[in-house]
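1. got a structure for you, letters missing:
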């Protein structure tokens, strides 16, 4: 099967249309492709109605997937592993070293909290919603 860059671009534009992310220039580009292809015109109409019907649902689902992917990244796993280790060692050391143990627990909880805030705030699909 031949990998056609023009067909790939049309597919990308149709996907952006479905998600409601199509810019004005991209809409004109898609319109130029559609002038020569009546099947593409029908696909554009179908995708436009899907976009209107979904109301941004697909964009929210993709944002949720980005959060899940970010939470499985090696950096986040390392941060949370270090935070969990600090909390666990701090709890165990609390009895033997009353000054060091609580500090380790607080530091571990701080690392976990900052990691969670960093990932969820940066990737949060709902942070820009105004009520």
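-> Yes, it's here. Worth saying up front: this structure is predicted, and the values here are computed from it rather than measured. Residues are numbered from 1 along each chain as shown.

2. Helices along the chain, start to end?
-> In the chain, the segments counted as helices under DSSP state H are 5-19, 24-35, 38-54, 57-71, 74-96, 100-123.

3. Adding mean pLDDT and mean neighbour count, write the ones you listed out as JSON lines.
-> Where you see a C-beta, it was placed from the backbone N, CA and C, and this is true even at glycine. Formatted as JSON lines, these follow (pLDDT from 0 to 100; neighbours: other CB atoms under 10 Å):
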{"stretch": "helix 5-19", "mean pLDDT": "84", "mean neighbour count": "15"}
{"stretch": "helix 24-35", "mean pLDDT": "86", "mean neighbour count": "13"}
{"stretch": "helix 38-54", "mean pLDDT": "80", "mean neighbour count": "14"}
{"stretch": "helix 57-71", "mean pLDDT": "78", "mean neighbour count": "14"}
{"stretch": "helix 74-96", "mean pLDDT": "94", "mean neighbour count": "14"}
{"stretch": "helix 100-123", "mean pLDDT": "91", "mean neighbour count": "15"}
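
4. domains of this structure?
-> With domains defined by automatic domain parsing, the chain comprises 5-55, 63-123.

5. OK, contacts around residue 71?
-> Counting by CB atoms under 8 Å, 6 or more residues apart in numbering, residue 71 touches residue 119.
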